[in-house]
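Enquirer: Got a predicted model here, sequence first, then my questions.
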Amino acid sequence: MLDQFSNSQTLRKPAVSSRGGIVAAQSRRAAEVGAEVLAAGGDCIDAVIATTFALGTLEPWMSGMGGGGAMVLYRAKENRYEVIDYGMCSPNSLRVEDYPLTGGAASDLFPWPRVKDDRNLQGPGSIAVPGVVAGMEEAHRRHAKMPWKELLAPSAKLAGEGLLVDWWTTLMIASGALDLRRYPASAAAYLQDGLPPSAPWGIKSSVRLPQDKLKATIEQLAARGPRDFYEGEIARSLAADIKAAGGALSVEDLSAFRAFHREALQIPYRGGKVLATPELTAGPTLASTLRRLEKWSPGKIPDAVAYGEYALALQAAYRERLSDMGDADGRRALGAEHLAPACTTHFSVVDKDGNMAAVTQTLLGIFGSKFVTPATGINMNNGIMWFDPTPGVPNSLAPGKRCLTNYTPVIAETADGRRLAVGASGGRRILPAVAQLLSFTMDFGMDLDATIHQPRIDASEGAVVIGDVRLPAAVHDALRSRFDYEQARIQTFPMKFACPSAVMRQGATNFGATETAQPWGDAVAEG
């Protein structure tokens, strides 16, 4: 491990506990929005909707109205699990001939052949039909207690305040600045004189980036309802801006989009069960991983044997996934995976009644397509990058295809009666993190504080296994003797491991925790 960082620094975020509800998110301010909704008498789903729109305003490089996602829900009164799937799909109006191959390899997350002008990676041509608003519409219709308009009000207020620039904001914008400056509305939203904004040194000074257009869009969506995004003035505005810039997304593509209500994928494990997202997510690969792990008999603590079993199970499950990946509605197809972490957000919610949600949402790449639609201020996804631009292969780019994803939100029910809602951001690294967090809880009986702080490995990069430097020497030695092994630190940027957020319920007490290295993330209790 070649680096220059301190070997004595420690990072901890103690899990919070409460008899009331908790929101655990990658942004403390967004978690506070959700917790305030719970304190006002809202259901878990009310907090999910409010937190979703707040996150899109506060961390627009990760998620927002221009993205997609999925959630796993537990409804305590009915003792029922369910999934709402609002993953993105390619526009029906997309023309494959607009994505000619030029030779060489693509320059981003996937090992695709290069497309002329990187049209499938960024800009208006890379935009898939977004699903977040439809997902919130479906969740609100099914379970919400509070009015739609009231749940969007906090995000409109945050947008009116402007995007606060601290060192994390600066770092995130800097990582996408080279491409953001290609698009006038994007540069106007996130850059100053063509450069990333600088966080101020002065203790009483602050820098904010105006989000007036986004504020107006949120207010309109609040007043007119979620269908305006797909069938009303917002839909027409989005389609007009994207078409004018050379993209394919049309009003017809938007109006046809709906979120799917699905049965959760039920995975038996250690006398309990794990409820995951089915089909075009990493849920089926998680099931494969856990089936393999259940053949192993764990000891009292996660030792060298345990981490070896994690690595073997994950590598085998990924080999299976890479040779048999979903394409559309029950048909299976060959595909490919992220080679680096994508930009995603995960948050988990539990309310005082025991209702729970694990919610993962994404723009795919950092700042998605890098294209902010000029009239709305919405940062759009680059979901077209999920498809192989090579003609004639099972995962080829085509109109009207649903996108294959890495996200893995889950709710687990342990043999001793606890429930855990968990997921993570981090592209391909999400699944290994979720699998190990489940094992720490279900194999070793750890509480949430111990679970979130237990060092992990990553085994999502082919033959290479990456181990947290904090693991005991015996674990490092054992893994090094069996695998192509590297050590890495938990760190803020670039993250070498996934970034989880989780809540747990034990009896009538709730707990919440987030990744220690994520500088904004926190679990916030209502009240």
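Expert: Done, it's in. Numbers count the residues shown, from 1 in each chain.
Enquirer: Please pull out the lowest mean pLDDT helix or strand from this structure.
Expert: Lowest on mean pLDDT, DSSP states H and E among the helices and strands of the chain sits strand 331-333, with a mean of 33.
Enquirer: and the longest helix seen in the chain, how far from the chain's centre?
Expert: In the chain, assigned by DSSP state H, the helix with the most residues is helix 304-323. Counting by CA atoms, centre = their mean, to the nearest Å, helix 304-323 is centred 22 Å from the centre of its parent chain.
Enquirer: Tell me where the stretch 351-500 of the chain has strands.
Expert: Using DSSP state E, counting those that start in this stretch, the strands found in the stretch 351-500 of the chain span residues 356-364, 410-413, 419-425, 457-461, 464-468, 484-488, 499-506.
Enquirer: What strands flank the second one, and is each parallel or antiparallel?
Expert: Looking at strand 410-413 with DSSP bridges, its partner strands are strand 272-276 (antiparallel), strand 419-425 (antiparallel).
Enquirer: Which of the residues in stretch 202-210 are classified as buried?
Expert: Within stretch 202-210, the residues that count as buried by 16 or more other CB atoms under 10 Å are 207, 209. Glycine gets a C-beta too; all of them are placed from N, C-alpha and C.
Enquirer: Pull up the distance across that stretch, start to finish.
Expert: 20 Å (CA to CA, to the nearest Å).
Enquirer: Number the residues from 11 up from this point.
Expert: Sure thing, new numbering starts at 11, so read that last one as stretch 212-220.
Enquirer: one step back: Provide the strand pairings for whichever helix or strand comes after the least confident helix or strand of the chain, with the direction of each partner.
Expert: Remark: after strand 341-343, the chain's next helix or strand is strand 353-360, criterion DSSP states H and E. According to DSSP bridges, strand 353-360 forms sheet pairs with strand 32-35 (antiparallel), strand 366-374 (antiparallel).
Enquirer: can you dump the C-alpha coordinates of strand 353-360 into CSV?
Expert: Only the C-alpha atoms of strand 353-360 are listed here, as CSV (Å, rounded to 0.1, in the frame of the first residue of the first chain):
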residue,chain,number,x,y,z
CYS,A,353,-22.2,8.3,-8.1
THR,A,354,-25.1,7.1,-6.1
THR,A,355,-26.8,7.9,-2.8
HIS,A,356,-28.3,5.5,-0.3
PHE,A,357,-30.4,6.3,2.7
SER,A,358,-32.4,4.2,5.2
VAL,A,359,-35.4,5.2,7.3
VAL,A,360,-37.3,3.7,10.2
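Enquirer: how far does stretch 256-275 sit from the chain's center?
Expert: Counting by CA atoms, centre = their mean, stretch 256-275 is centred 18 Å from the centre of its parent chain.
Enquirer: Let me see the mean pLDDT of it.
Expert: If you average the pLDDT over stretch 256-275, you get 96.
Enquirer: List phi and psi for Tyr109.
Expert: Note on Tyr109: its backbone torsions stand at phi -120, psi 60 [degrees, to the nearest 10].
Enquirer: For it, list the residues it contacts.
Expert: Listed by CB atoms under 8 Å, 6 or more residues apart in numbering, the contact set of Tyr109 reads 125-126, 129-130, 135, 399, 407.
Enquirer: who touches the closest residue to Leu303 other than its chain neighbours in this structure?
Expert: With sequence-adjacent residues excluded and distances taken as CB to CB, 6 or more residues apart in numbering, Leu303 is closest to Ala323, at 4.9 Å. Going by CB under 8 Å, 6+ apart, Ala323 touches 299-300, 302-303, 445.
Enquirer: pLDDT score assigned to Ala323?
Expert: pLDDT, Ala323: 97.
Enquirer: Quick check: the gap between it and Glu330.
Expert: Distance of Ala323 to Glu330, given as CB to CB, to the nearest Å: 11 Å.
Enquirer: can you pull out the helices in the stretch 61-210 of the chain?
Expert: 142-153, 158-171, 177-190, 194-200 (DSSP state H, counting those that start in this stretch).
Enquirer: Give me the buried positions along the shortest one.
Expert: Same thing as helix 194-200. 195-200.
Enquirer: Next: the third one.
Expert: Judged by neighbour count using 16+ other CB under 10 Å, the buried positions of helix 177-190 are 178-180, 182-187, 189-190.
Enquirer: starting at the chain centroid, how far to that helix?
Expert: 19 Å.
Enquirer: Report all helices and strands that it contacts.
Expert: helix 194-200 (3 or more CB pairs under 8 Å, 6 or more residues apart in numbering; DSSP states H and E).
Enquirer: other SSEs contacting the helix it packs on?
Expert: helix 177-190.
Enquirer: what about 10 Å?
Expert: helix 177-190, strand 218-219, helix 222-234 (3 or more CB pairs under 10 Å, 6 or more residues apart in numbering; DSSP states H and E).
Enquirer: if we can go back for a sec, touching both of Ala323 and Glu330, which residues are there?
Expert: 298-299, 302 (CB atoms under 10 Å, 6 or more residues apart in numbering).
Enquirer: Output the residues you listed in TSV, with neighbour count appended to each entry.
Expert: Output for the shared contacts of Ala323 and Glu330, formatted as TSV (neighbours: other CB atoms under 10 Å):
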residue	neighbour count
Ser298	23
Thr299	31
Arg302	19
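Enquirer: that older thread, how much space between the residue nearest to Leu303 and Ala533?
Expert: In terms of CB to CB, Ala323 sits 29 Å off from Ala533.
Enquirer: give me the number of residues near Thr112?
Expert: If you count neighbours by other CB atoms under 10 Å, Thr112 ends up with 10.
Enquirer: what separates it from Thr61, distance-wise?
Expert: 41 Å.
Enquirer: Quick one, grab the pLDDT at Leu332.
Expert: The score at Leu332 is 69. That number is its pLDDT.
Enquirer: where does Arg39 land in three-state SS?
Expert: helix (DSSP: H, G, I helix; E, B strand; the rest coil).
Enquirer: What sits closest to it if chain neighbours are left out?
Expert: Excluding the flanking residues, the one nearest Arg39 by CB to CB, 6+ apart is Leu68, at 5.7 Å.
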